[in-house]
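**Student:** 3D, please:
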Amino acid sequence: MTDKKNAFSKSKKKLLSEMIHDEILEMIIKNTTDEEMILNEGRLMEIFQVSKAPVREALIKLCAEGVLQNVPRYGYLVIRQQEKDKREVSRMRVLLELEALKEGYEEILQYHLPELLQQIEGINGAKQIDDVWAIWEDNCEFHLQLASYSKNRLLLRYLQETMDRQKRIYAQQAWESQKTLKATFNDNSHKRIWQELFNHNLEQALKCLEKDISQQSDEGIMQM
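**Tutor:** Predicted coordinates for the structure are as follows:
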């Protein structure tokens, strides 16, 4: 485990409990054992070298988000994601991202097509990546950048939370299917979305975006 104190000192914009929340979530996502994961307040206090208050606050937030379940006198149990959760997340992403693209369409055409293409070409330059989470982050970067042109901060916050939840679902699928997390990024769906925007065809761009999101949900991160 890296020195958490040094990591925390780099950012003063986040509360300590929020940073611990994010670190715990990453621990959950990257767990690769078949056993059910149980988190303990005392052990987390040792790992992060902090008092009980920020750890407990982070755990309470994770319970509210449906990540953990508090089992009295036992600990915090990681809640396994179900098929229904995957469908709900995919549908929420479609609703949020299509609305964001509609809101940001004119802004994109006028100012942002070059930088969006640069982002896509930067990702496609890495043909083979062993770290599946690097691929996931690149994918998130594109979708969040595309949605950001709507300038709708509340929508962006919900989208980020939805994609964080989807990351956990993909992680669970990876654990259950195979223990080696490797993937190849060879998908051109982002370029197709950009091409339709370049052609000033919003309707087709929306269709390509919805198809891209749906494919990610159906096939999982290993096929992105």
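**Student:** domain ranges for the chain?
**Tutor:** Listed by automatic domain parsing, the domain ranges of the chain are 4-78, 83-223.
**Student:** tell me which of these sits most buried.
**Tutor:** Between the domains of the chain, domain 83-223 has the highest mean count of neighbours, a mean of 16, where neighbours are mean count of other C-beta atoms under 10 Å. Every residue, glycine included, has its C-beta placed from N, CA and C.
**Student:** starting at the chain centroid, how far to that domain?
**Tutor:** 10 Å (C-alpha atoms, centre = their mean, to the nearest Å).
**Student:** mind exporting the C-alpha coordinates of the helix or strand hosting A205 to PDB?
**Tutor:** If you go by DSSP states H and E, A205 is part of helix 202-219. What follows is helix 202-219, C-alpha atoms only, in PDB (Å, rounded to 0.1, in the frame of the first residue of the first chain):
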ATOM      1  CA  LEU A 202     -26.800  15.300 -34.900                       C
ATOM      2  CA  GLU A 203     -29.400  12.600 -35.300                       C
ATOM      3  CA  GLN A 204     -26.800  10.100 -36.500                       C
ATOM      4  CA  ALA A 205     -24.300  11.200 -33.900                       C
ATOM      5  CA  LEU A 206     -26.900  10.500 -31.200                       C
ATOM      6  CA  LYS A 207     -27.500   7.000 -32.700                       C
ATOM      7  CA  CYS A 208     -23.800   6.200 -32.700                       C
ATOM      8  CA  LEU A 209     -23.400   7.400 -29.200                       C
ATOM      9  CA  GLU A 210     -26.300   5.300 -27.900                       C
ATOM     10  CA  LYS A 211     -24.900   2.300 -29.800                       C
ATOM     11  CA  ASP A 212     -21.500   2.800 -28.200                       C
ATOM     12  CA  ILE A 213     -22.900   3.000 -24.700                       C
ATOM     13  CA  SER A 214     -25.100  -0.100 -25.200                       C
ATOM     14  CA  GLN A 215     -22.300  -2.100 -26.600                       C
ATOM     15  CA  GLN A 216     -20.200  -1.300 -23.600                       C
ATOM     16  CA  SER A 217     -23.000  -2.600 -21.400                       C
ATOM     17  CA  ASP A 218     -23.700  -5.700 -23.400                       C
ATOM     18  CA  GLU A 219     -20.000  -6.800 -24.000                       C
END
